[in-house]
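K.L.:
I would like to see how this sequence folds:
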Amino acid sequence: MGNYKDESRKDWQPNPAGRQVTNDEIMLGCLQRLADAAERQATVAEQHLKLATATNTRTHQLEALVKENDRKITSLKGSISKLRKELKGE
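P.N.:
Numbering: from 1, shown residues only. As a prediction, the model looks like this:
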């Protein structure tokens with residue numbers, strides 16, 4: 001006989017050796033399969049949480065970079081205006 005998880009997936013008929021699978025064995029196999037599925041789901045949820053954290057971190061980094069570049073652009077525009085005034089004054 002295979003393990004309880006494998007047996008609980010079957011048709012619940014007597015196995016080739018003629019031994020009937022008991023209801024307790026079927027329920028135990030089902031519970032083991034549910035526990036395995038819950039563990040897999042927890043692993044996937046953990047991966048999603050890590051991905052969301054990494055995405056948020058990168059988003060904040062990019063927002064800071066955009067603000068820095070906006071300040072640089074504003075500064076350069078001011079420099080251009082200053083140079084234009086100097087050229088007109090000459």
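K.L.:
CA only for contacts and neighbour counts going forward, please
P.N.:
Will do.
K.L.:
host element of the one residue sitting closest to the centre of the chain?
P.N.:
Of all residues in the chain, the one closest to the mean position by C-alpha atoms, centre = their mean is His48, 1.6 Å from it. Assigned by DSSP states H and E, His48 falls within helix 23-89.
K.L.:
what about that helix, average pLDDT?
P.N.:
Averaging pLDDT along helix 23-89 gives 92.
K.L.:
Figure out how far it is from the centre of its chain.
P.N.:
11 Å (C-alpha atoms, centre = their mean, to the nearest Å).
K.L.:
And it, what does it pack against?
P.N.:
helix 4-9 (3 or more C-alpha pairs under 8 Å, 6 or more residues apart in numbering; DSSP states H and E).
K.L.:
how far away is His48 from Ala37?
P.N.:
Per C-alpha to C-alpha, to the nearest Å, His48 is found 16 Å from Ala37.
K.L.:
I should have written Asn69 there, sorry.
P.N.:
Per C-alpha to C-alpha, Asn69 is found 48 Å from Ala37.
K.L.:
Repeat that for Glu25.
P.N.:
18 Å.
K.L.:
Compare the two (neighbour count), which wins?
P.N.:
Neighbour tally, Glu25 and Ala37, criterion other C-alpha atoms under 10 Å: the higher count belongs to Glu25, 15 against 12.
K.L.:
That one and Ala38: what is the separation?
P.N.:
From Glu25 to Ala38 the distance is 20 Å (C-alpha to C-alpha).
K.L.:
What of Lys82?
P.N.:
66 Å.
K.L.:
next one: Gly78
P.N.:
60 Å.
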